[in-house]
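Peer 1: Curious how this folds, go ahead:
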Amino acid sequence: MTTIGRRWMTAFGLTLMTAACGSSDAPGTYSTVESPAPIKRRPTPVTDFTPVQLEETVDEFVAELNEHPNEPMHAEILLKIISGFFAPVATAANRAMGELRMTGNVVGSLEEPGDQQAAVELQNDQLEQTVAEGAEAIGVAPFGEGNASGIDAAVKHGLHVVTLDADVPESKRSIYVGTLNEAAGTTAGNTLLPMLADVPGTVIILGNSNPVWATGLERTKGAQGVFEKAGYETLVVQETLTEMGDEEDVATMKAQIEAADPPVVGMIGMFNEAYRCAMAAEAAGREDIPIVAFDFDPKTVNYMRKGLIRATHAQRQYYEGYLVPYILYGIKHIGLDATKKILAPLMVDEFRVNTGLDVVMATNIDAYNDHLDALGVNQ
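Peer 2: As a prediction, the model looks like this:
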């Protein structure tokens, strides 16, 4: 794939194609064509964290798809980046594409997005290029509402588009797959709430207040609403998305811990860099502050082992990446309505598939690591 303004790469690019086999070389013989082999899933080990409903849904997909001719399909999965948080998404998407014998690639940037608006515009260019290169369907982790135009342009060319990780509900995407952000923020807020000292008190939220990143704003507001309803003051720190993010956010939160009135009684990080809350508490000499986090970054895990982060909320990135190729393949081979019927137990409305959260307490770190190892996606 051509580079568009920054470095992109293919994660384990697939070039899978089933070839028809046969022979008609000798006179009087008949050509024979082997039927495509049925779809077979890679066995998924069962652990205490295995999402049973998600697993059953994919099994139902396989059973239904194997009742129909399995024809080749070319799809592209466009991610923001292919490392860190998105590494399990890339691994799972490639795994599912291999099981379905789909051609295509999982593509993402080598760099953090930095400026959100620039990232939105860049992804729209990438969507346009993907259509021009002949994709039949697209899975995309969009940067924000500004990607609606790129998604709609792909749909206008006859492609179905499935969003993952972040949604663009005002677009013509067929389905969203991932965490429901406001509900996830509320869940995280309710995890921290019983750990807090009585009001009055201040809760620092390392989150997002930028409307360009709508899904990040939704998650932040979900948590903020829990604390404010309970009578706490809240301070939202806009997470820094540059290489200097650790240093800048820690300095900002340290100053807020030292100056807050009423005093800080809790901290919560809403995204993958939630460990910065623990770094700030350490820097301020306030290791007593209860902190909860999001995602399962190695730095977050280290602070959980040290006792500074008491719980984290792990999104099921593996299942986001794994479901999307099955959904795209299902839409082509059995239709959108039949695909939604299979997804119904996971859907909260006509368009959104909720992959849910794993609430991981500090006491369950090893069990959760074992779960990720079983999936082959431990970060």
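Peer 1: list the contacts for the residue nearest the centre of the chain?
Peer 2: By Cα atoms, centre = their mean, the chain has its centre lying nearest to Asp165, at 3.5 Å. Listed by Cβ atoms under 8 Å, 6 or more residues apart in numbering, the contact set of Asp165 reads Lys80, Phe86, Val89, Ala141, Gly178, Thr179, Gln315, Gln317, Glu320. C-betas here are computed from N, CA, C, even on glycine.
Peer 1: Need the buried ones from those selected in PyMOL.
Peer 2: For the buried members of these, the matching PyMOL selection, counting by 16 or more other Cβ atoms under 10 Å, is:
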select buried, resi 80+86+89+141+178+179+315+317+320
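Peer 1: Report the separation between the residue nearest to the centre of the chain and Lys40.
Peer 2: Plainly put, Asp165 is 27 Å away from Lys40 if you go by Cβ to Cβ, to the nearest Å.
Peer 1: Do you have the strands of the stretch 1-150 of the chain handy? List them.
Peer 2: Listed in chain order, the strands of the stretch 1-150 of the chain (DSSP state E, counting those that start in this stretch) span residues 8-15, 74-81, 103-109, 137-140.
Peer 1: Endpoints of stretch 308-321, how far apart?
Peer 2: 31 Å (Cα to Cα, to the nearest Å).
Peer 1: what's the answer for stretch 184-202, then?
Peer 2: For stretch 184-202, the first-to-last residue distance is 21 Å (Cα to Cα).
Peer 1: Need the pLDDT of Pro211.
Peer 2: Pro211 is assigned a pLDDT of 86 by the prediction.
Peer 1: Ignore what I typed, I meant Gly185.
Peer 2: At Gly185, pLDDT is 97.
Peer 1: which SSE is it in?
Peer 2: helix 181-192 (DSSP states H and E).
Peer 1: Residue ranges in the stretch 51-200 of the chain under the pLDDT threshold?
Peer 2: Scanning the stretch 51-200 of the chain for pLDDT under 70 picks out the ranges 113-114.
Peer 1: how near is the residue nearest to Met102 when sequence neighbours are not counted to Asn66?
Peer 2: In space, and not counting its chain neighbours, Met102 is closest to Met73: 5.1 Å by Cβ to Cβ, 6 or more residues apart in numbering. Relative to Asn66, Met73 is positioned 15 Å away (Cβ to Cβ).
Peer 1: between the two, which one's more packed in?
Peer 2: A count of neighbours by other Cβ atoms under 10 Å puts Met73 above the other of Met73 and Asn66, at 20 against 14.
Peer 1: ok, the more buried one touching Tyr329?
Peer 2: Yes: Met73 is within contact range of Tyr329, at 5.8 Å (criterion: Cβ atoms under 8 Å).
Peer 1: anything in contact with each of those two?
Peer 2: Shared contacts of Met73 and Tyr329, defined by Cβ under 8 Å, 6+ apart, are found at Leu100, Met102.
Peer 1: His313 contacts Thr191, correct?
Peer 2: Yes: between His313 and Thr191 there is a contact under Cβ under 8 Å: 7.0 Å.
Peer 1: In a helix, Val292, correct?
Peer 2: No: assigned with DSSP: H, G, I helix; E, B strand; the rest coil, Val292 falls outside any helix and is strand.
Peer 1: from what I can see it touches Pro194, true?
Peer 2: No: applying Cβ under 8 Å as the test, Val292 and Pro194 come out as separate, 10.8 Å apart.
Peer 1: what about Ala118, neighbour count?
Peer 2: 13.
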